[in-house]
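*Asks:* With the input below, show me the fold.
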Amino acid sequence: MKMDKVAVFRSEKEMAPFVSCDEVDIWEKRDGKWEIIRTVPFPPLSGSTVKELREETERIALLAGEAKAVVCREITGIPFSIFNKKGYCIFSAEEINGDTLDGIMSDILESDEKKRMKEEMLRNARPVETGTPGVYMLNLKDLQKACPDISSKKALVPFLSGTPFLELHLICAHIPPWLERDASYDRKVRQLEGEFHVTLTKKQCEGGGEMHAELHGIG
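*Replies:* The predicted model follows:
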C-alpha cells in the first residue's frame with residue numbers, strides 16, 4: 001500500500017533534472033512533520049539507447065518504493081512514461097520543504113477525489129427519478145462536460161429502452177439529432193441561457209394507458 005510518502009530525486013544534494021539525478025530521498029510525514037526516512041544513492045542515467053534508458057529507469061524506479069509521488073526538477077520522455085505507468089503521481093519542483101510536500105499531497109487528494117467523482121458519474125450516467133414517480137431527469141450538458149467520452153446514446157438509450165417513464169427532463173447543449181428523429185416520443189423544448197430544456201414523453205397509442213397502470217401499480 002502506498003502511504004503518504006514522497007520520493008525526491010536529486011543530484012549532489014540539489015534539485016535537478018531526472019536524467020542527472022544520483023540519489024533519492026524518501027520523505028514521510030510523521031506526527032505532522034515531514035522528515036527523510038531513507039536516502040539511496042544510484043548511478044545517474046548513462047544509457048545511449050531506448051532499451052538501455054528504459055532498463056536503467058526501471059531499476060531506479062524501484063527505489064521509490066511505496067511513495068505516492070515522485071519529484072525532481074524536471075522529468076520527461078522515457079522516465080516520465082515509466083513512473084506514470086507504475087502509478088506514481090509526478091511533480092516538478094525547484095526546492096523541497098514542508099510546504100512543497102504538503103502542496104503535493106493536497107494536489108494528490110484533490111486529483112483522487114476528482115477521479116472518484118468522475119468514476120461515480122460514469123457508473124450513474126443515466127437519468128434519475130425525481131420526487132415524482134415516473135418522472136426522470138438528466139443534465140446531459142454537465143455530464144458530457146465532465147465526461148466527454150460519454151455520448152448521448154450511451155447515457156440515454158439503455159434508459160429509454162428499458163425503463164418505463166411518464167416524463168424525461170433533459171438539459172443539453174443541443175438536442176441529439178438521433179433523438180429528434182425518433183418518432184416514438186413527443187418533445188417540448190425550451191431554450192434558456194444557451195441550453196435546451198427538453199421534456200420527453202412517449203407518444204400515446206391504443207392501449208397507451210398500460211404505462212400509467214404499470215407505474216402506479218394498477219392492474
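
*Asks:* Please enumerate the helices of the chain.
*Replies:* 50-61, 77-85, 98-123, 140-146, 152-162, 177-181, 209-215 (DSSP state H).

*Asks:* Count the residues that sit near Cys72.
*Replies:* Using other Cβ atoms under 10 Å, Cys72 is surrounded by 25 other residues. Glycine gets a C-beta too; all of them are placed from N, C-alpha and C.

*Asks:* Same question for Asp107.
*Replies:* Number of residues near Asp107 (other Cβ under 10 Å) recorded here: 13.

*Asks:* what residues are up against it?
*Replies:* Contact analysis of Asp107 by Cβ atoms under 8 Å, 6 or more residues apart in numbering lists Cys89, Phe91.

*Asks:* I'd assumed Ala69 was in contact with Cys89.
*Replies:* Yes - using Cβ atoms under 8 Å, Cys89 is in contact with Ala69, at 4.2 Å.

*Asks:* Spit out the residues that contact those two alike.
*Replies:* Ile104, Ile108.

*Asks:* worst average pLDDT in the helices of the chain?
*Replies:* Ranked by mean pLDDT, these bottom out at helix 209-215, which scores a mean of 45.

*Asks:* give the contact list for Lys203.
*Replies:* Counting by Cβ under 8 Å, 6+ apart, Lys203 touches Ala183, Ser184, Tyr185, Asp186.

*Asks:* quick one: pLDDT of it?
*Replies:* 85.

*Asks:* Now it: phi and psi?
*Replies:* Lys203 has phi and psi values of phi -70, psi 140 when expressed as degrees, to the nearest 10.
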